[in-house]
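[1] Kindly generate the corresponding structure for this input.
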Amino acid sequence: MSRIDLLVVTLLAVTAVVAGCSNDFSGHSDAGTTDTDTDTDTDTDTVCTQGEYSSSFTICTQSDVATLAGYTSISKHLTIKCPSCTDLSELSCLTSVGGILEIGSLPEGNNNDVLTNLHGLDALTSVGEKLSIAWNAALTNLDGLNSLTSVGGYVYIWHNSALANLDGLSSLTSVGEYMEISCNTALTNLDGLSSLNSVSEYLSIRSNDTLTDIDGLSSLNSVNGYIEISSNTALTNLGGLSSLNSVGSHLAIHYNDALTDLTGLNSLTSVGGDLYITANDTLTSLTGLSSLTSVGGNFWIERNHALTDLTGPGALTTLLGSLHISINYGLTSLTGLSSLTSVGEGLTIECNTLNDLDGLSAITTVSGNLRISGNSLTNLNGLSGITSVGGNLRIELNNALTSLDGLSALNSVGGHLWFENNDALTNMNGLGTLTSVGGGIHIWYNNALTDLDGLSALNSSVDRLTIVGNAALTDLDGLSG
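    Numbers count the residues shown, from 1 in each chain. Okay, the predicted model is just below:
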């Protein structure tokens, strides 16, 4: 189930709890409801004396707002989905909501069609569970939430088409679980989040079409879960992440069409899970990754068509997962990975316009599969340090490849060995030190291949041998040993 599906299910569940405008008054406090003013002047009753409303409450009409006047807290949930409401000022005593504060609903439900701001919630300092602000067509700002310092669970701000800024969240310092800011088409910056220093599980900034910067995240130093910066078509830089030094799980930066570099990630030293740099059409450089030393999962560099080399992550020494460099049509060099000595799982170099693999020269072991496919390479010289491949080795669809000399240090392949559709390859002489293949050997449709002598050092049996469609191959002498 996707994050969006989970969010919808969550909101539906909340709506089921507080749906409609049938509110329960049986458990609320009556403390202080009598007039305590004994003089004869104009009545000046203390307004914030109703105490706690010990249930959930739904505001569907302007008169419902008045019902909560004087209450300082709500023990459970507060939902505001009021098509006619323009003023929340009678909520001015409210300091806390113990459960969920939902402002707006799902698109098919009643929403706040004319509410332009949240003044009236000015005294609110905490929300115990979740804050959801969604589908409020007229809401231009979040002014009124200026006293809010913490949300124990999730914060969702999404599909507010007129929302231009988040300045009303200027006091928010922490989010206990998730924070998602998505599909707010008029939002240009995140400056209102300048006090936010921690998000425990997940931060998503997604599909905000006019968002040009995320400088408002400048105080954020860690996210224990994962970060997604995705599909913000006007975003030009990541400068707002300059204090971020670690991500506990995944970091995904993708589909940001105007993003040209990763400057702003200069303090980032580790990513605990996967790192995705994918489908950023104008990204020309990875220079912002200069402090990155370790990635605990996979590292994907894919479909960044303006990227010409990998200069940036030069300090990366530890990659526990796989490295995927695929479908970057402008990528001609892998320069930038000079400190990487091993790949914990697989290595895939696929469908780039690479001239060479020299940027991988420090790698000695690939624990999983190694695949070189669909590149413009004439040789594999950048792989000259690799001594073992734990899984399959697959060299395919490299039409200009004439030599395997770059594999001269390779002595073992744990899985299958594949050579397929390498039209210019004439021999396998670069495999002279290969002694062991754990799976099968498959040599298919290499039209210029004339001999297999490079496999003569093999001293182990293979579980399958298939040699198909190599038009120039005249003998199998290289396998005679």
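[2] Give the buried residues for stretch 292-301.
    Buried residues in stretch 292-301, counted by 16 or more other Cβ atoms under 10 Å: 292, 295-301. In this view, the C-beta of every residue, glycine as well, is placed from N, C-alpha and C.
[3] got the end-to-end distance for that stretch?
    The straight-line separation of the ends of stretch 292-301 (Cα to Cα, to the nearest Å) is 15 Å.
[4] Around residue 262, how many other residues sit close by?
    Using other Cβ atoms under 10 Å, the number of residues around residue 262 comes to 24.
[5] check contacts around it.
    The contact partners of residue 262, taken as Cβ atoms under 8 Å, 6 or more residues apart in numbering, are 238, 253, 277, 283, 285-289, 312.
[6] so can I have CSV of those showing neighbour count and pLDDT?
    Converted to CSV, the contacts of residue 262 look like this (neighbours: other Cβ atoms under 10 Å; pLDDT from 0 to 100):
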residue, neighbour count, pLDDT
238, 24, 96
253, 25, 98
277, 25, 98
283, 26, 97
285, 19, 94
286, 23, 96
287, 16, 92
288, 23, 94
289, 26, 97
312, 23, 95
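[7] Can you list the low-confidence ranges for this protein?
    Within the chain, the segments meeting pLDDT under 70 span 1-46, 108-109, 481.
[8] So which of the buried residues of stretch 292-301 sit within helices?
    Of those, none are assigned to helices by DSSP state H.
[9] what would the contacts of residue 262 look like in JSON lines with secondary structure and distance to residue 174?
    Listed next are the contacts of residue 262 as JSON lines, based on DSSP: H, G, I helix; E, B strand; the rest coil; distance: Cβ to Cβ, whole Å:
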{"residue": "238", "secondary structure": "coil", "distance to residue 174": "22"}
{"residue": "253", "secondary structure": "strand", "distance to residue 174": "24"}
{"residue": "277", "secondary structure": "strand", "distance to residue 174": "28"}
{"residue": "283", "secondary structure": "coil", "distance to residue 174": "31"}
{"residue": "285", "secondary structure": "coil", "distance to residue 174": "33"}
{"residue": "286", "secondary structure": "coil", "distance to residue 174": "31"}
{"residue": "287", "secondary structure": "helix", "distance to residue 174": "31"}
{"residue": "288", "secondary structure": "helix", "distance to residue 174": "26"}
{"residue": "289", "secondary structure": "helix", "distance to residue 174": "27"}
{"residue": "312", "secondary structure": "coil", "distance to residue 174": "31"}
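[10] Would you reformat those as TSV and include distance to residue 162?
    Shown next, in TSV, are the contacts of residue 262 (distance: Cβ to Cβ, whole Å):
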residue	distance to residue 162
238	26
253	27
277	32
283	31
285	35
286	36
287	36
288	33
289	36
312	38
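[11] My guess is residue 340 contacts residue 360. True?
    Yes - assessed by Cβ atoms under 8 Å, residue 340 is found in contact with residue 360 at 7.5 Å.
[12] which residues of the stretch 101-250 of the chain fall in strands?
    In the stretch 101-250 of the chain, the strands defined using DSSP state E, counting those that start in this stretch lie at 126-127, 130-134, 150-151, 155-158, 174-175, 178-182, 198-199, 202-206, 222-223, 226-230, 246-247.
[13] how about those in TSV, adding distance to residue 455 and mean neighbour count?
    Converted to TSV, these look like this (distance: least, Cβ to Cβ, whole Å; neighbours: other Cβ atoms under 10 Å):
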stretch	distance to residue 455	mean neighbour count
strand 126-127	67	21
strand 130-134	62	25
strand 150-151	63	18
strand 155-158	58	23
strand 174-175	58	19
strand 178-182	54	23
strand 198-199	54	20
strand 202-206	50	23
strand 222-223	49	19
strand 226-230	44	22
strand 246-247	44	21
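[14] who wins for proximity to residue 107 among those?
    strand 130-134 (8.6 Å; Cβ to Cβ).
[15] Report the angle between that closest one and strand 178-182.
    Computed with axes from the mean of the first three to the mean of the last three Cα atoms, to 10 degrees, the direction of strand 130-134 lies at 10 degrees from that of strand 178-182.
[16] Give the burial count for residue 471, as a bare number.
    Per other Cβ under 10 Å, the neighbour tally for residue 471 reads 10.
[17] With residue 322 instead?
    Using other Cβ under 10 Å, residue 322 has 20 neighbouring residues.
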